[in-house]
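>>> could you look at this predicted model? Sequence included:
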Amino acid sequence: MNTTKALCLSIVAGSAIGAGAATANAQAVELDSFRPSSAQRDGYLGLESGRADLEKGYELSLGAHYTTHPLVGVVDDERAYVVVDYQLLTYLTGAYSPIPRLRFYIDVPVYAAQAGANEVLFGQEDGHFDGGGMGDIRLGVKVNLYDGRGPLEETGLAVALLGEVALPTGDDTRFQGEGFRGHPELAVDWALANGFGLTLNLGYLIREDKEIFNLHVSDQLTYGAGVRSPMLGELVDFVGEAFGAATLSGDSLGSEEQPLEVLGGARLYAGDWIIGAGVGTGVIDGFGVPGVRAFGSLTFSPELVAEPEPVVELDTDRDGLLDSVDDCPTVAEDFDGFEDTDGCPDLDDDQDTIADVDDNCRLEPEDLDGFEDTDGCPDPDNDMDGILDVADECPLAPEDRDGFQDEDGCPDPDNDMDGVLDADDQCPDTPAGVEVDANGCPVVAEIKAEMVLEGVGFATNSDELTPESFAVLEKVVESLKAYPEVNIEIQGHTDSTGSAEYNLDISSRRAVTVRLFLVGRGIASSRLTAVGYGEGQPIADNGTREGRAANRR
């Protein structure tokens, strides 16, 4: 018999509708053949693995399935009408493992919505098939017969036996219930490395024989195969399943009595939570096989965390460090923040011969240099002048930090030895033999003159002197030292290339660089003034290359 791509209820053309309807109304079946796995943590959607225990003893899951055209009618091999257009089934499942290798579970289905048509064929009023209601509740037990995996191992073979009964809680006049059913089943699965897995299920569904028009419903041999594969490590996996049934009795059995369906879905593992979703369709159409199935689920399934067995070890000195790691197991650690992990007390942490109880710096040894040696704290700079005692020629007299011989650690009250103390000397670096005034400065006459230092150059766009400049500036140093009465203004000039602001800035920086060089060679800073003029004082035409070169001085 050819059928449509949905569950097909065949009606023999020309049969008496009234008589057929009475028979059908009394012998309806529950259409949706999919039932969720007894525990989603096992890794499958509707099939079973070979394991029976749960990691922390229990699991709760809430799911929903939407199916299209689960029941249609055909006449003369042609689809003639729709009986049930769609069903929206929700379910709440729970599982509990009181001991290893044993699981009890329950599935409570609720039809949230359903749309039907042609109710008159079944002896019902229009709209009778519409609406929701309770489905048949399933109760089951699962026993693991063999498990080649340890409690925390993920690979190996496992075999389990299931026994399940369906209770008549659904409405058998609306294809939402059927009555008592029994379903023993065998599950065998292989958990492979890296999260891959395979499962095979084989069962026998015991149900009441029924004839609905010419559809024969009786005991069925159920079967299924599934595979799961990781997609993002242990975070997401993909599950593919195929499941079906074969009716074992009846005359002229057709494909509607041999349904086969495939499913594909993905599941996200987020700690104790599992989120699943997927779709399915029929391969061999028959009752219980929809045109399209879409489903999703949210599961709370606590993960197992291995807890090591407690190990009892001795702590003889009761200092909190076990004898196995205590270097002094009979003497308590002093826990003073110094080497507290070895278990031994440290009475003089810095070993400077001053006991910690009297040592203000118990982690820094006293330097014992004759200066405040009883407090236990080192004094690396006794006179606090910033020059360590090891390099200080006057460790008890602070350096005056006046820029004159400041590295020796000794104060210099009159740097230039001109008889005017530095405190009153406005020119503290006057060379010896030069006549000075009351302020300590040479008496000089101011003569204004200007000369260009040929050969002084800088790196491009920089205030860094070129190596060739040093020889020229050294000659300037010699001249200034020979004429200590001469004060100079160091000028920086540029051409007009670039902005005026930039040229003023770089000319100022270059003038300062030359001044610092001369000061570094011993020329008193008071004799030197650095000024940048930028492009403001050209001596040649900036419109020519030669003019610009002359202006850069």
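Received, thanks.
>>> what is the end-to-end distance of stretch 531-545?
The straight-line separation of the ends of stretch 531-545 (C-alpha to C-alpha, to the nearest Å) is 25 Å.
>>> for the residue nearest to residue 453 when sequence neighbours are not counted, what are its contacts?
Closest residue in space to residue 453, ignoring its immediate chain neighbours: residue 472 at 5.9 Å, by C-beta to C-beta, 6 or more residues apart in numbering. Where you see a C-beta, it was placed from the backbone N, CA and C, and this is true even at glycine. Applying C-beta atoms under 8 Å, 6 or more residues apart in numbering to residue 472 gives the contacts 453-456.
>>> also residue 404?
With contact taken as C-beta under 8 Å, 6+ apart, residue 404 is in contact with 412, 415, 422, 428-429.
>>> check residue 338 too.
Shown in contact with residue 338 (C-beta under 8 Å, 6+ apart): 346, 349, 362-363.
>>> go on, residue 466?
Contact analysis of residue 466 by C-beta under 8 Å, 6+ apart lists 457-459.
>>> just the buried residues of these.
The neighbour count (16 or more other C-beta atoms under 10 Å) marks residue 458 as buried among the contacts of residue 466.
>>> format the contacts of residue 466 as JSON lines; extra columns: secondary structure.
Below are the contacts of residue 466 laid out as JSON lines (DSSP: H, G, I helix; E, B strand; the rest coil):
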{"residue": "457", "secondary structure": "coil"}
{"residue": "458", "secondary structure": "strand"}
{"residue": "459", "secondary structure": "coil"}
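>>> which of the contacts of residue 466 lies closest to residue 503?
When these are compared for distance to residue 503 (C-beta to C-beta), residue 458 comes out closest, at 13.0 Å.
>>> show me what the closest one is bridged to.
residue 465 (DSSP bridges).
>>> wait, it sits on residue 468?
No. Residue 458 is not in contact with residue 468 according to C-beta atoms under 8 Å; the separation is 10.6 Å.
>>> quick one: the strands in the stretch 151-300 of the chain?
Along the stretch 151-300 of the chain, counting by DSSP state E, counting those that start in this stretch, strands occupy 156-166, 181-191, 197-205, 210-212, 215-217, 220-230, 236-247, 260-270, 273-284, 293-300.
>>> of all those, which one is nearest residue 512?
Here strand 260-270 is closest among these (C-beta to C-beta), at 64.3 Å.
>>> out of the contacts of residue 466, the closest to residue 89 would be?
Distance to residue 89 across the contacts of residue 466 (C-beta to C-beta) is lowest for residue 459, with 81.5 Å.
>>> turn the strands of the stretch 151-300 of the chain into JSON lines, including mean neighbour count.
Output for these, formatted as JSON lines (neighbours: other C-beta atoms under 10 Å):
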{"stretch": "strand 156-166", "mean neighbour count": "19"}
{"stretch": "strand 181-191", "mean neighbour count": "19"}
{"stretch": "strand 197-205", "mean neighbour count": "19"}
{"stretch": "strand 210-212", "mean neighbour count": "18"}
{"stretch": "strand 215-217", "mean neighbour count": "21"}
{"stretch": "strand 220-230", "mean neighbour count": "19"}
{"stretch": "strand 236-247", "mean neighbour count": "20"}
{"stretch": "strand 260-270", "mean neighbour count": "18"}
{"stretch": "strand 273-284", "mean neighbour count": "18"}
{"stretch": "strand 293-300", "mean neighbour count": "19"}
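>>> export these as TSV, with columns for distance to residue 333 and mean pLDDT.
Listed next are the strands of the stretch 151-300 of the chain as TSV, based on distance: least, C-beta to C-beta, whole Å; pLDDT from 0 to 100:
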stretch	distance to residue 333	mean pLDDT
strand 156-166	48	94
strand 181-191	49	94
strand 197-205	52	95
strand 210-212	82	77
strand 215-217	80	77
strand 220-230	49	93
strand 236-247	50	91
strand 260-270	44	92
strand 273-284	45	91
strand 293-300	46	94
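>>> any chance of those in TSV, plus distance to residue 38?
Output for these, formatted as TSV (distance: least, C-beta to C-beta, whole Å):
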stretch	distance to residue 38
strand 156-166	7
strand 181-191	10
strand 197-205	11
strand 210-212	27
strand 215-217	25
strand 220-230	13
strand 236-247	14
strand 260-270	16
strand 273-284	14
strand 293-300	12
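>>> quick one: which of those strands is nearest residue 83?
Nearest to residue 83 among the strands of the stretch 151-300 of the chain is strand 210-212 (10.3 Å), distances taken as C-beta to C-beta.
>>> in its sheet, what does that closest one sit against?
Here, using DSSP bridges, strand 210-212 pairs with strand 215-217 (antiparallel).
>>> ok now the strand it pairs with, how far from the chain's centre?
55 Å (C-alpha atoms, centre = their mean, to the nearest Å).
>>> kindly report the domain assignment for the protein.
8-300, 469-551 (automatic domain parsing).
>>> rank the contacts of residue 472 by pLDDT and give me only the lowest.
Lowest pLDDT within the contacts of residue 472 is found at residue 453 (72).
>>> now do the SS call for it.
Per three-state DSSP, residue 453 ends up coil.
>>> who wins for most neighbours among the contacts of residue 404?
Within the contacts of residue 404, most neighbours by other C-beta atoms under 10 Å means residue 428, with 23 neighbours.
>>> beyond the strand or helix carrying the residue nearest to residue 453, next helix or strand please.
Following DSSP states H and E, one finds residue 472 within helix 469-482. Moving toward the C-terminus from helix 469-482, the next helix or strand (DSSP H and E) is strand 488-493.
>>> partners of that next one, with directions?
Applying DSSP bridges to the sheet, strand 488-493 is found paired with strand 528-534 (parallel).
>>> now what about the strand it pairs with, what contacts it?
Strand 528-534 is contacted by residues 487-494, 500, 503-512, 514-515, 518-519 when judged by C-beta under 8 Å, 6+ apart.
>>> quick check on these: which are buried?
Looking at the contacts of strand 528-534 with 16+ other C-beta under 10 Å, the buried ones turn out to be 487-488, 490-494, 503-512, 514-515, 518.
>>> ok, longest helix in this structure?
Across the chain, the longest stretch assigned as helix under DSSP state H is helix 500-520.
>>> measure how it sits relative to strand 528-534, angle-wise.
Between helix 500-520 and strand 528-534, the angle comes out at 160 degrees (axes from the mean of the first three to the mean of the last three C-alpha atoms, to 10 degrees).
>>> next, count neighbours for residue 523.
As a measure of burial, residue 523 has 19 neighbours, counting by other C-beta under 10 Å.
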